[in-house]
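Engineer: fold the following, please.
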Amino acid sequence: TGVVPFMALLLLQRRPVAGRALLVTGSGCPGHGLCRSNVQEQTRRQVALLNATAQDLFSLYLKCQGEPFSSESDKLCNPTGIFFPAFRVNRTSERKEVMVAIMYKLFAFLNASLGNITRDQEELNPTAKELLDRLHNTTKTTRGLISNLTCLLCKNYNIFQVDVRYGDSSKGKSTFKKKQQGCQVLRKYVQVIGQAARVLLPHLSPS
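Structural biologist: Next up, the predicted model:
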């Protein structure tokens, strides 16, 4: 663990992020000048896009894994036993709290997890072009979202560092376990992204 500047955090794309964020404020916020004028609207669109495409990504993933995942997804993809960032905010939460919780405990974790899943699928299903394209596009959207949220946090709250802990990678696991870990994470993602969108989007609406 350690305190990682936001810009360095954006480079940690393929390492699963776990745990909690320790926020640090100060006068050296490096990213507030990098925000585009439409950063808030762009962030809204990215969250909405991720929410709208999550179920299709999960369904396509299952299709490409073959049996027994296609027919036993409820059992094999049950995410109960896997780590996923806790989500304890709602529509009445403070705007700062919402953005911090979602950025670090959900989207940063999701971004790293997508890198894990994409790497495994490039190895296990190298000809599944539609799935790989969908994974790459989702990762690209998530990366852009993290960058935009970083700008908003820096600009509005002067928060620019975070303490990040990393979870387990799928490296070294069996083919079955890699496929299962991917479907568990994506199943949980489908469940959580809808809730996250309902909470975050109102906070990003024009004043």
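
Engineer: going forward, measure contacts between C-alpha atoms and count neighbours the same way
Structural biologist: OK.

Engineer: just checking, which helix or strand of the chain averages the lowest pLDDT?
Structural biologist: Comparing every helix and strand of the chain by mean pLDDT, DSSP states H and E singles out strand 17-18 as the least confident one, with a mean of 36.

Engineer: which strand or helix spans Arg198?
Structural biologist: Under the criterion DSSP states H and E, the helix or strand holding Arg198 is helix 175-203.

Engineer: over to Ala108?
Structural biologist: Under the criterion DSSP H and E, the helix or strand holding Ala108 is helix 108-124.

Engineer: what about the helix holding Arg198, average pLDDT?
Structural biologist: Per-region confidence: helix 175-203 scores 89 on mean pLDDT.

Engineer: again with stretch 110-124
Structural biologist: The average of the pLDDT scores along stretch 110-124 is 93.

Engineer: mind listing what's buried in that stretch?
Structural biologist: Along stretch 110-124, the positions that meet the burial threshold by neighbour count (16 or more other Cα atoms under 10 Å) are 110-121.

Engineer: which residues in the protein form strands?
Structural biologist: Read by DSSP state E, the chain holds these strands, from start to end of the chain: 3-5, 17-18, 23-25, 159-163, 165-166.

Engineer: rank those by pLDDT, which is bottom?
Structural biologist: Averaging pLDDT over each of these singles out strand 17-18 as the lowest, with a mean of 36.

Engineer: can I get the helix holding Ala108 in CSV, CA atoms only?
Structural biologist: As requested, C-alpha coordinates have been extracted for helix 108-124 and formatted as CSV (Å, rounded to 0.1, in the frame of the first residue of the first chain):
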residue,chain,number,x,y,z
ALA,A,108,-10.9,2.3,-10.2
PHE,A,109,-11.5,-1.3,-9.1
LEU,A,110,-13.5,-2.0,-12.2
ASN,A,111,-10.9,-0.6,-14.5
ALA,A,112,-8.2,-2.8,-13.0
SER,A,113,-10.5,-5.8,-13.1
LEU,A,114,-11.3,-5.2,-16.7
GLY,A,115,-7.6,-5.2,-17.5
ASN,A,116,-7.4,-8.6,-15.8
ILE,A,117,-10.3,-10.1,-17.7
THR,A,118,-9.2,-8.7,-21.0
ARG,A,119,-5.7,-10.2,-20.6
ASP,A,120,-7.2,-13.6,-19.8
GLN,A,121,-9.6,-13.5,-22.7
GLU,A,122,-6.8,-12.5,-25.1
GLU,A,123,-5.2,-15.7,-24.0
LEU,A,124,-8.2,-18.0,-23.8
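
Engineer: good, we can wrap up now.
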